[in-house]
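Undergrad: Any chance you can model this:
(2 chains)
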2 protein chains.
Amino acid sequence: MNRARRFHSDEIGFLEKQFRTNLINALSGFKSVQLCGTVNRKKLSNLAIFNSTVHIGANPPLLGIILRPPSVPRHTLQNILDTGFFTLNHVHKYILQQAHQCAARYEQDVSEFGAVGLSEEYSGTIPAPYVKESLIKIGMSFTEIHEIKANGTQLVVGKIEEITVPTHCLGDDGYLDLHRAGSLAIAGLDGYHSTEKLVRLSYARPGSTPEALQGFTA
Amino acid sequence: MNRARRFHSDEIGFLEKQFRTNLINALSGFKSVQLCGTVNRKKLSNLAIFNSTVHIGANPPLLGIILRPPSVPRHTLQNILDTGFFTLNHVHKYILQQAHQCAARYEQDVSEFGAVGLSEEYSGTIPAPYVKESLIKIGMSFTEIHEIKANGTQLVVGKIEEITVPTHCLGDDGYLDLHRAGSLAIAGLDGYHSTEKLVRLSYARPGSTPEALQGFTA
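TA: Model prediction:
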């Protein structure tokens, strides 16, 4: 029998700051690891690491990202609002150190691409830079923004304009094999994980039991 | 050299529906797998599977979930708005089939708990039911809702009122070991994955290189 530790709301507010930050950041479960590429009005590139990409819808194709409150300058948010475009680039283990380093607070006139050693790539379709070394790359146009009243964070929603994926990771039914592409998952602020395939389960219907879909192997 | 497949915006709209749904749902990267427990005004319980939990903030402690447009009855959304409370329960592999089955469209007077074979658990602190078999359980109070104009989906934001975690998964620095707790990650609509620890990286600062934190082992 596993022992459990319970925290109540009044106690959570009095936890030591780093302890609380680590604990709360893990509760949303495993998160994606993506690099968001933008340019400012002077065409200087910016690259930021995000763990908050959410699926909003498939038709029209929409994704959202959560950005922290703009109490200090947030280059990514400003660039998205100024130019209307951004990219999301999946992170695999061979670019993990560089991706993590993008979280450092560089000066405004420094591009994280050069600072961490990743390469800008432009498709010609949108003005925002992709990460050349990434395998799954998504070009986005800005559609709307919502401010979370409770703490001032921003939900930025964008429409998918362009998708680049490795051919060998794309199934006949459109299933994109993120494990094969080496996309990582993160727990909390800094706990990076690779994945192991468990199972694809069939569409759930009342009165039946989900079955393993065939062909879901490494 | 890996070959890449590129989809442009005009092509995406003309993809076969299931292909597009599978592809777009994978682009947000690995997602968490959580069960959302609620009750309606008559105290009938409801359990729904979500892959869209996002971290909103640590202080105050906030999480968000994305819910599909309320064009057909959405019991979870209605229950949250009616009662003001919900729970989020991490899914591990021993309850995966039951969790996945919660996506089936049961009638309004059927509780998914009984239908799929999971147990309701009440802490006494909030009126929403936890999943007894889950190891990481979060009690939430509703704080705000935002409608995404682009497609009518809803972002529901809640405050963390109560946290239950396995003692052996909680580090001295508050790091919660999701891998050890067996929390799963999902790719797309139905591709469930377990995880392997890769590395915890130190806080990123300009001019230094992220280092592996000690003690991050299985």
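
Undergrad: Can you name the residues bridging to A:Ala187?
TA: A:Gly191 (DSSP bridges).

Undergrad: quick one: strands adjacent to the strand ranked longest in chain A?
TA: In chain A, assigned by DSSP state E, the strand with the most residues is strand A:154-166. According to DSSP bridges, strand A:154-166 forms sheet pairs with strand A:61-67 (antiparallel), strand A:137-147 (antiparallel), strand B:4-8 (antiparallel).

Undergrad: Give me the helices and strands touching the top helix by length along chain A, please.
TA: For chain A, the longest helix by residue count, based on DSSP state H, is helix A:17-27. Contacts defined by 3 or more Cβ pairs under 8 Å, 6 or more residues apart in numbering or on different chains; DSSP states H and E place helix A:17-27 against strand B:54-58, strand B:61-67, strand B:154-166. In short, each C-beta sits where N, CA and C put it, glycine included.

Undergrad: For the longest one, what is the distance to the chain centroid?
TA: Okay, so that is strand B:154-166. 10 Å (Cα atoms, centre = their mean, to the nearest Å).

Undergrad: do the same with the shortest one
TA: Taking the mean of its C-alpha atoms, strand B:54-58 sits 12 Å from the chain's own mean (Cα atoms, centre = their mean).

Undergrad: Look up how far B:Ile160 lies from the nearest residue to A:Val33 once chain neighbours are set aside.
TA: Leaving aside its sequence neighbours, A:Val33 sits nearest to A:Val91 (Cβ to Cβ, 6 or more residues apart in numbering or on different chains; 4.2 Å). Shown here: A:Val91 relative to B:Ile160, a distance of 27 Å by Cβ to Cβ, to the nearest Å.

Undergrad: Ok, A:Glu147 next?
TA: Distance, A:Glu147 to B:Ile160, using Cβ to Cβ: 20 Å.

Undergrad: Compare these two and say which is more crowded by neighbours.
TA: The neighbour count for A:Glu147 versus B:Ile160, taken as other Cβ atoms under 10 Å in any protein chain shown, is higher for B:Ile160 (23 against 13).

Undergrad: Quick one: residues contacting that one.
TA: Neighbour list for B:Ile160: A:Ser9, A:Ile12, A:Ile24, A:Leu27, B:Pro61, B:Leu62, B:Leu63, B:Ile138, B:Gly139, B:Met140 [criterion: Cβ atoms under 8 Å, 6 or more residues apart in numbering or on different chains].

Undergrad: Report the beta-bridge partners for the closest residue to A:Val131 other than its chain neighbours.
TA: In space, and not counting its chain neighbours, A:Val131 is closest to A:Asn89: 4.0 Å by Cβ to Cβ, 6+ apart. A:Asn89 forms beta bridges with A:Leu35, A:Lys137, as assigned by DSSP bridges.

Undergrad: Same question for A:Phe50.
TA: A:Phe50 forms beta bridges with A:Gln34, as assigned by DSSP bridges.

Undergrad: what's in contact with stretch A:80-87?
TA: When contacts are defined by Cβ under 8 Å, 6+ apart, stretch A:80-87 is touched by residues A:36-41, A:76, A:79, A:126-131, A:137-142, A:145, A:156, A:158, A:161.

Undergrad: Now a ChimeraX select for only the buried ones of the residues you listed.
TA: The command below creates a ChimeraX selection of those among these that count as buried (16 or more other Cβ atoms under 10 Å in any protein chain shown):
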select /A:36,37,38,39,40,76,79,126,127,128,129,130,131,137,138,139,140,141,142,156,158,161
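
Undergrad: Can you report how many residues lie near the closest residue to A:Leu213 other than its chain neighbours?
TA: Take A:Leu213 and drop its neighbours on the chain: the residue closest to it by Cβ to Cβ, 6+ apart is A:Arg200, 3.9 Å away. Applying other Cβ under 10 Å, we find 21 residues neighbouring A:Arg200.

Undergrad: ok, A:Arg200 touching B:Asn22?
TA: No: in this structure, A:Arg200 is not within contact of B:Asn22 by Cβ atoms under 8 Å, at 10.3 Å.

Undergrad: Quick check: neighbours shared by the two?
TA: Common contacts of A:Arg200 and B:Asn22 (Cβ under 8 Å, 6+ apart): A:Tyr175.

Undergrad: mind showing which ranges of chain A have poor pLDDT?
TA: Low-confidence segments of chain A, defined by pLDDT under 70: A:1-2, A:217-218.

Undergrad: do that again at 50, thanks
TA: Judged by pLDDT under 50, chain A has no weakly predicted residues.

Undergrad: Check for me that A:Ser183 belongs to a strand.
TA: No: A:Ser183 is assigned coil when assessed by DSSP: H, G, I helix; E, B strand; the rest coil, not a strand.

Undergrad: for it, what are its contacts?
TA: Going by Cβ under 8 Å, 6+ apart, the list of residues near A:Ser183 reads A:Ser32, A:Val33, A:His90, A:Val91, A:His92, A:Leu135, A:Ile136, A:Thr195, B:Gly29, B:Phe30, B:Ala187.

Undergrad: Can you give me the distance of it to B:Val110?
TA: Counting by Cβ to Cβ - A:Ser183 and B:Val110 are separated by 36 Å.

Undergrad: cool, A:Tyr192 as well?
TA: The gap separating A:Tyr192 from B:Val110 is 40 Å, by Cβ to Cβ.

Undergrad: Skipping its backbone neighbours, what lies nearest A:Ser111 in space?
TA: A:Ser45 (4.6 Å).

Undergrad: quick one: contacts for the one you found?
TA: Taking Cβ under 8 Å, 6+ apart, we find A:Ser45 in contact with A:Gly37, A:Thr38, A:Val39, A:Ser111, A:Glu112, A:Phe113, A:Glu120, A:Pro129.

Undergrad: CSV for these, including secondary structure?
TA: Below are the contacts of A:Ser45 laid out as CSV (three-state DSSP):
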residue, secondary structure
A:Gly37, strand
A:Thr38, strand
A:Val39, strand
A:Ser111, coil
A:Glu112, helix
A:Phe113, helix
A:Glu120, strand
A:Pro129, coil
